[in-house]
Structure formats: C-alpha cells, structure tokens
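**Student:** Show me how the following folds:
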Amino acid sequence: MPDPLPLTALDEDDRIFQSTILRFARERIAPHVRAMDEAAIFRKDLLKEMFELGLMGIEIPEEFGGQGGSFFQSVLAIEALATVDPAAAVIVDVQNTIANNILLRWGTETQKRRYLPKLAADTVASFALSEVGAGSDAFALATRAVREGDNFRITGRKLWITNAAEAGIFFLFANAAPDQGYRGITCFLIERNTPGFTVGKKEDKLGIRASSTCELILDDCVVPAENVVGEIGKGYKIAIETLNEGRIAIGGQMTGLAHGALGHAIAYAEQRQQFGKTIGEFQGVQFTLAEMATDVEAARLLVYNAARLRDAGEPFVTEAAMAKLFASQIAETVASRAIEVLGGVGFTKDYPVEKLYRDAKIGRIYEGTSNMQKLAIAKNLLSAR
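**Tutor:** Got it, this is the predicted structure:
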C-alpha cells in the first residue's frame with residue numbers, strides 16, 4: 001500500500017502525527033480487523049491503546065490530560081485509521097469531533113473538570129440524538145425531560161447510537177418544553193450507571209461492524225439539572241453546530257477508506273500476472289487506478305479545506321457538506337473499483353477490499369444523508385446571492 005498518505009499541504013508536525021497513527025493502525029489494528037468485523041466487537045485492548053496514544057483526547061487541553069491538538073489533527077487521525085479500519089476511525093471520530101467538542105464548547109467549568117480527564121484517559125463517549133421518528137428530521141424528538149426540583153426525569157428511546165456499547169458518558173438530547181417545539185430541546189450529560197438508563201439492542205450491521213450501534217432506553221431516568229449541557233432549550237443549537245463539524249470528520253473517514261482501497265488495488269496490480277505481465281501494465285487498469293487516485297485526492301482537498309476553515313474560525317458549513325457529500329460518494333466508487341481490480345479474490349473475505357466496500361455505504365447515510373448535504377449546499381448558495 002502507498003505509505004505514507006499523500007502529503008497534501010501538511011506541515012512537518014502534522015505529517016509526523018499522521019504517519020505515527022498510520023503506523024499504529026497497520027501494526028496493531030490491521031491484524032485484528034477481520035476478526036473484529038466478524039464478531040462485531042472492537043477489542044478492548046486496542047481501545048485502551050488508542051487512549052494511551054492520545055487518540056481519544058486530541059483537542060482536550062493538556063491541563064485535562066489531553067493532547068492540546070487541533071480539529072484538523074483529529075481529522076488527520078480519523079483519515080489515517082480509516083485506511084485500515086473505518087470502524088476504528090468512527091470510534092475516534094465520535095469521541096473527538098462530537099463528544100469532546102460539546103463539552104469543550106458548552107460545558108460548565110465543573111463539567112469540564114469532572115469529565116474531560118475521563119474522556120482523555122479511559123472513558124468512551126456517545127452522542128444520542130436519533131430516534132425512530134427522528135432521523136433526517138433530527139428534531140422531531142419524542143424523548144421527554146420533565147423538571148422536578150433539582151432534577152429532570154427523562155423518558156424515551158434512542159436508536160442507532162454509535163459507541164453506545166462501550167460508552168460511559170452519553171450526550172443525550174430530549175425535549176424539556178414540547179410546547180415550544182425544537183426550542184425545547186436540551187442536551188443532557190448522562191452517566192452509564194444512572195438508574196433508569198439502559199443500553200439496549202446492538203444492531204447487526206452491513207459495515208463498520210466493530211463499531212457498536214445500539215438503542216438506548218430511558219425509563220424515568222433521573223438526571224441532575226447540573227448535568228444540562230449549555231442552557232435548557234439550546235440543544236438544537238448544540239446538535240446542529242456539532243454535526244456540521246462532525247461531517248468534516250466523516251469526510252475524512254471516507255477519504256481514508258478510499259485511500260486504503262486504492263492502496264490494495266495498486267499493490268495487487270503490481271503483483272498479479274496475466275498474459276505474461278502484471279495487470280498494472282495494462283492501460284485499462286492504469287486508467288482505473290488514475291481515476292481512483294484523482295477522486296481520493298479531490299476528496300482529501302475538500303476535507304482538509306473544510307477542517308482548516310473551521311480551525312481558522314471562518315464559515316465552513318457549505319464546505320463541510322461538500323466534503324462529506326463528495327467523500328462518501330467516491331469512497332463507495334473507489335472501493336467498488338478496487339474489488340474489480342482484484343477480480344474474483346476481491347469478492348472474497350480473504351482480501352480486505354470487500355469489507356471496505358461494505359463500510360463505505362454508511363458514509364452516505366449517517367451524520368446527514370447525501371440528500372441532506374445537497375439541500376444544505378443549495379440553501380447556502382441561494383442565500384448568498
């Protein structure tokens with residue numbers, strides 16, 4: 001496989017950072033990818049190593065035990081991991097670009113001091129927004145939070161919650177004022193052992209199988225009012241802004257996936273022989289690889305641009321939607337073409353490209369479907385006129 005990743009305008013520190021993570025992914029994660037996929041379980045020892053390497057607290061300040069890095073570095077880490085296992089990448093994605101950032105931006109000082117060290121050291125976090133009737137229409141929440149003195153009593157059910165099987169902390173959204181519609185939506189920080197809170201059924205998925213996706217059940221779950229993140233009724237703002245950033249990371253995940261598939265296709269084309277020469281010497285295969293590589297690089301540029309805009313404090317919502325839309329499309333296409341380059345063996349589980357093809361499909365769905373990204377792009381274009 002190509003090594004290291006193409007150095008698209010990376011400075012020396014970022015290049016070393018990404019290369020270190022890529023080496024970890026190939027040496028430590030790669031030998032277990034197939035077994036984890038088949039068992040639909042991410043190994044606890046690897047999760048522990050990701051914490052020890054600092055991958056779960058990239059943007060958390062050093063005073064709280066984190067790395068004090070940037071959002072861009074989180075995206076670089078996600079991309080590198082995804083070249084080997086997109087399931088590992090999404091675990092790191094949700095922890096960094098969503099959960100950690102919610103607490104860093106909207107958490108109180110007490111919440112930060114209590115939870116950020118845990119998130120950096122050994123505690124997985126989860127983002128719980130989706131429900132059976134609230135997918136693309138993310139704010140059609142049925143989960144209710146009723147104020148009772150210094151507590152809230154929460155009742156409802158969440159679906160398709162990433163990292164739920166491993167998580168010890170959940171950023172969960174419920175409506176505390178249903179008569180006000182989406183303006184009643186509030187973000188609550190809930191610990192796993194809270195009475196009335198249960199992690200339910202784990203989904204049996206097509207791809208990214210080692211990444212857990214579960215339902216959450218809240219049956220008169222009592223949460224202290226001090227665990228409200230941000231303000232009551234500001235949950236919609238927290239969710240929107242967080243997901244806008246998370247889409248850049250999903251773009252990074254899909255770009256890494258596509259790069260991994262391209263790498264396998266190149267390696268196979270260089271060693272597989274037919275008609276007395278390697279298949280990489282045939283122009284038809286060369287053209288396919290050239291198109292794949294161009295798609296990957298174009299996606300990478302879109303993702304890096306959006307991440308850098310975010311770090312610079314510039315508007316990035318349109319660029320984030322473009323990055324996710326395009327990267328998720330080319331991930332599926334490049335993985336499919338990789339299977340074709342490998343031919344019959346590419347269709348078997350003995351080679352990793354069939355898994356990457358399965359993993360790619362979710363890119364068009366989670367953190368905003370492709371159609372939702374198109375709507376966001378068009379809306380922003382038209383409003384700018």
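
**Student:** Using the record's assignment, carve this structure into domains.
**Tutor:** 12-123, 126-233, 236-383 (automatic domain parsing).

**Student:** Make a markdown table out of the ones you listed and add mean neighbour count.
**Tutor:** In short, each C-beta sits where N, CA and C put it, glycine included. As requested, those are exported to a markdown table (neighbours: other CB atoms under 10 Å):
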| stretch | mean neighbour count |
| --- | --- |
| domain 12-123 | 20 |
| domain 126-233 | 19 |
| domain 236-383 | 20 |
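
**Student:** got these as CSV, with mean pLDDT columns?
**Tutor:** As requested, the domains of the chain are exported to CSV (pLDDT from 0 to 100):
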stretch, mean pLDDT
domain 12-123, 97
domain 126-233, 96
domain 236-383, 97
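
**Student:** What does Phe316 show for phi and psi?
**Tutor:** Backbone geometry at Phe316, expressed as degrees, to the nearest 10, gives phi -140, psi 0.

**Student:** need the helices for the protein, in chain order.
**Tutor:** For the chain, the helices defined by DSSP state H occupy 12-24, 33-39, 44-52, 71-82, 86-93, 101-106, 109-121, 235-271, 283-311, 317-342, 353-360, 370-383.

**Student:** Contacts only, for Tyr357.
**Tutor:** By CB atoms under 8 Å, 6 or more residues apart in numbering, Tyr357 lies in contact with Ala261, Glu332, Ala335, Ser336, Ala338, Ile339.

**Student:** same check, this time on Leu159
**Tutor:** Contact analysis of Leu159 by CB under 8 Å, 6+ apart lists Ser130, Glu131, Val132, Glu215.

**Student:** Show only the entries of the residues you listed found in strands.
**Tutor:** The strands, defined by DSSP state E, take in Glu215 from the contacts of Leu159.

**Student:** Return the closest of the contacts of Leu159 with respect to Gly233.
**Tutor:** Glu131 (18.4 Å; CB to CB).

**Student:** separation between that closest one and Leu189?
**Tutor:** Relative to Leu189, Glu131 is positioned 19 Å away (CB to CB, to the nearest Å).

**Student:** Repeat that for Met372.
**Tutor:** From Met372 to Leu189 the distance is 27 Å (CB to CB).

**Student:** The stretch 101-250 of the chain: strands as residue ranges?
**Tutor:** Secondary structure of the stretch 101-250 of the chain, counting by DSSP state E, counting those that start in this stretch: strands at 125-128, 144-148, 151-162, 169-175, 185-191, 197-202, 213-224, 228-229.

**Student:** Strand partners (parallel or antiparallel) of the third one?
**Tutor:** Each strand pairing with strand 151-162, determined using DSSP bridges, is listed with its direction: strand 144-148 (antiparallel), strand 213-224 (antiparallel).

**Student:** hang on, the earlier thing: would you turn the strands of the stretch 101-250 of the chain into TSV with distance to Asn101?
**Tutor:** Shown next, in TSV, are the strands of the stretch 101-250 of the chain (distance: least, CB to CB, whole Å):
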stretch	distance to Asn101
strand 125-128	10
strand 144-148	22
strand 151-162	15
strand 169-175	10
strand 185-191	12
strand 197-202	23
strand 213-224	21
strand 228-229	11
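
**Student:** Let me know which of the ones you listed is the nearest to Ala82.
**Tutor:** Once the strands of the stretch 101-250 of the chain are compared by CB to CB, strand 151-162 is nearest, at 14.4 Å.

**Student:** check contacts around the nearest residue to Ala165 once chain neighbours are set aside.
**Tutor:** Take Ala165 and drop its neighbours on the chain: the residue closest to it by CB to CB, 6 or more residues apart in numbering is Ser212, 3.4 Å away. When contacts are counted by CB under 8 Å, 6+ apart, Ser212 touches Ala40, Ile41, Phe42, Thr162, Asn163, Ala164, Ala165, Glu166, Lys202.
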